[in-house]
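Peer 1: build the 3D model from these lines:
(one chain, ligands or ions: 1)
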Amino acid sequence: MKKTMLTLSVAGALMFSAVPAASAVGNGPGYGGNETINTSILTTYEEMADFLQKQDAKQAHMELEVIGQSVKGRDLYLAKYISDPANPTILFLTQQHGNEQLTTEGALEFIKHLGTSKTKNVLDNVNVLIVPMLNADGAMGDVNFSLDDYIAKGDRNLTRYNADGFDLNRDHVNRLQPETKALHENVLGKYDIDYMIDLHHQGAWSERDGELVSGSILYPTTPNVDPDVLLRSKQLGSVVFSAVDSTGWGHLGKYGGGNAETISRNGIAVEYGISTLLFEMRGMSDHYYEPYVLGQKSNGYLIKQTVTTLDAAVRSISDGSIEQADISFWDTLAEQNWRETE
Ligand SMILES: [Zn+2]
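Peer 2: Next comes the predicted model:
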């Protein structure tokens, strides 16, 4: 019953927002009068740190580690669940771009699930690493550049770039920024990781087959990736696609991404032999460009989409079913396109 209610309300929300708000331009962030862009309800960095420490104290099999500090000195966290080093290992990374926050909200909820009977015995056969909110300064709008033209109202603005204006997801070769350095030195280079999902948000008006997408996915596209790593990336994508698509409200497109190895999806697959999947959720928490942001009415299903994704990935690795995942859907999955919103 509860599930049916949720499905209905989510479907309603999707239908409601499927009409582009042509009148939004010039009227401020009203977005058709139906949605508000307000960041006050989002988890702050401090709340996240507090949450992680409390879960660490509560969950016997969880271990919390500080992997480094942001430009502004915020501790960057890794939540670890390592039951057996010989198990296959998956890494979830969120918020390399600080204005893409719902992925972190979903990851925190998933961490809570990992401490309950919901995932009983699943962790016996898979190791899970979670790095939430890698761009902590950008997430808190604590940056060395102006945020005057950012759209969101609330306690804070959130920005794609780190405090010094760098895009962390273009820094995976040179690692000039402390956040990317910490990720490579203390996570990627330290653990034997098999899979990774890099969680992001994209603009709000992408569609596939004429319907707005709830997100998009892509495997590594550099020609330098090992064929077996690519195969497993596509299998990971298959598991995620099936789980999200079968919810009834999830609708995914193929992301149109580039081949540069400065991007984690490509560079990490090549350098470490990790099978990577990019997941771009619909709409950002804040931006200076109006068609990129999405009102908080969509938060519920997008957070749920993250939890669904992480849960499906972990379960399929744990029971080995990922090895049989059918990758043929990739051949027919259409690349999303941008809906013209006037
Ligand atoms: Zn992003």
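Peer 1: for the residue in the stretch 1-150 of the chain positioned nearest to the ion, give me its contacts.
Peer 2: For the stretch 1-150 of the chain, the residue closest to the ion is H97, as judged by C-beta to the ion, at 3.5 Å. All C-beta atoms are positioned from the backbone trio N, CA, C, and that covers glycine. Listed by C-beta atoms under 8 Å, 6 or more residues apart in numbering, the contact set of H97 reads N135, G138, R160, Y161, D167, L168, N169, H200, H201.
Peer 1: adding distance to Y81, neighbour count and pLDDT, write the residues you listed out as CSV.
Peer 2: Shown next, in CSV, are these (distance: C-beta to C-beta, whole Å; neighbours: other C-beta atoms under 10 Å; pLDDT from 0 to 100):
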residue, distance to Y81, neighbour count, pLDDT
N135, 23, 32, 98
G138, 27, 33, 98
R160, 29, 23, 98
Y161, 31, 19, 98
D167, 30, 16, 98
L168, 24, 24, 98
N169, 25, 22, 98
H200, 23, 23, 98
H201, 25, 26, 97
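Peer 1: in helices, which of the residues you listed appear?
Peer 2: Residues of the contacts of H97 located in helices (DSSP state H): G138.
Peer 1: so can I have TSV of the contacts of H97 showing distance to L236?
Peer 2: Shown next, in TSV, are the contacts of H97 (distance: C-beta to C-beta, whole Å):
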residue	distance to L236
N135	23
G138	27
R160	25
Y161	28
D167	24
L168	22
N169	19
H200	16
H201	19
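Peer 1: and which of the contacts of H97 is nearest to the ion?
Peer 2: Comparing the contacts of H97 against the ion with C-beta to the ion picks out H200 as the nearest, at 3.2 Å.
Peer 1: run through the bridge partners of the closest one.
Peer 2: Using DSSP bridges, the beta-bridge partners of H200 come out as E280.
Peer 1: that one is in contact with T103, isn't it?
Peer 2: Yes. If you go by C-beta atoms under 8 Å, H200 and T103 touch, sitting 6.8 Å apart.
Peer 1: shared neighbours of these two, which are they?
Peer 2: Common neighbours of H200 and T103 (criterion: C-beta under 8 Å, 6+ apart): F279, M281.
Peer 1: up against the ion, what does the stretch 151-300 of the chain have?
Peer 2: H200 (C-beta under 5 Å from the ion).
Peer 1: what ranges does the stretch 151-300 of the chain have for its strands?
Peer 2: Taking DSSP state E, counting those that start in this stretch as the test, the strands found in the stretch 151-300 of the chain are 195-202, 206-208, 211-212, 215-218, 252-254, 275-282.
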